[in-house]
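Trainee: Below are the sequence and a predicted model; questions follow.
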Amino acid sequence: MAVLALAVVLAMYIPGILGGGIECENLNKDSCSFAVSSSGKRCVLEKSVRRSGEEAYTCKTSEIDADQLKDWVESDECVEACGLDRRALGISSDSLLEPHCTKKLCSPQCYYNCPNIVDLYFNLAAGEGVFLPKLCEARGESARRGMAEIRSSGLVAPGPESGGHPPKFELAPAMSPF
């Protein structure tokens, strides 16, 4: 067991040391999700069905940049601490409405120890006009109600039908906590 763990650790770090780096297309389905390539792009797991009916998984490079991360395969400990499934296909902001998801994501084990996952969800929340630290703060009351309150606070970016005039902020835009 210890030899296997050592092999996994070496497989993760030696390519970066030798300059080869991580290419999403070379990752298997058990290490693809939540990984970041050597170019700083996030990896995404895709599923296709062959003519035989067999499911085939492939890892692809997405167009999503990871903030200040390169050559990163997320640890099983972080995936577990944040309540995620490495074999899940895609990611949706709807998961931020699920109490179980926000409870795990906002837990100290995830929020303070898993910067890659927190950065991913921080940007996902920001795309919905939600500030992740506020959502985590609100989760004590009710994450669903907290999300609704945050989204209706008037600080959400306007949609295309609203005339396109952004609100005037007096503060600087929120930065990822990591």
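Mentor: That came through, no problem.
Trainee: Disregarding residues adjacent in the polypeptide, which is nearest to residue 32?
Mentor: Excluding the flanking residues, the one nearest residue 32 by CB to CB, 6 or more residues apart in numbering is residue 59, at 3.6 Å. Where C-beta positions appear, they are placed from N, C-alpha and C, glycine not excepted.
Trainee: Test my guess that the one you found contacts residue 27.
Mentor: Yes: between residue 59 and residue 27 there is a contact under CB atoms under 8 Å: 4.3 Å.
Trainee: Can you check which residues contact both of the two?
Mentor: The contact sets of residue 59 and residue 27 overlap at 35, 43 (CB atoms under 8 Å, 6 or more residues apart in numbering).
Trainee: now residue 137: how far from residue 102?
Mentor: Remark: distance between residue 137 and residue 102 (CB to CB, to the nearest Å) = 11 Å.
Trainee: The two - which one has more neighbours?
Mentor: Legend: neighbour count by other CB atoms under 10 Å for residue 137 and residue 102, higher for residue 102 (24 against 13).
Trainee: Just the element for the more buried one, please.
Mentor: helix 99-105 (DSSP states H and E).
Trainee: Pull the residues that contact the next helix or strand after that helix.
Mentor: Where DSSP H and E defines the elements, the next helix or strand beyond helix 99-105 is helix 108-111. Helix 108-111 has contacts (CB under 8 Å, 6+ apart) with 78, 81, 82, 83, 104, 105, 117, 118, 136, 177.
Trainee: so which of these would you say is closest to residue 36?
Mentor: Distances from residue 36 to these, taken as CB to CB, are shortest for residue 117 (11.0 Å).
Trainee: wait, that closest one sits on residue 80?
Mentor: No: at 10.9 Å, residue 117 and residue 80 do not qualify as touching, with contact defined as CB under 8 Å.
Trainee: ok, the two, which is more surrounded?
Mentor: The residue with more neighbours, out of residue 117 and residue 80, is residue 117; 23 against 15, by other CB under 10 Å.
Trainee: State the distance from that one to residue 63.
Mentor: Plainly put, residue 117 is 19 Å away from residue 63 if you go by CB to CB.
Trainee: same question, residue 56
Mentor: Counting by CB to CB, the gap from residue 56 to residue 63 is 22 Å.
Trainee: same question, residue 102
Mentor: 26 Å.
Trainee: got it, and residue 104?
Mentor: 27 Å.
Trainee: Name the residue in these two with the higher neighbour count.
Mentor: Counted by other CB under 10 Å, residue 104 and residue 63 do not tie: residue 104 has more neighbours, with 18 against 7.
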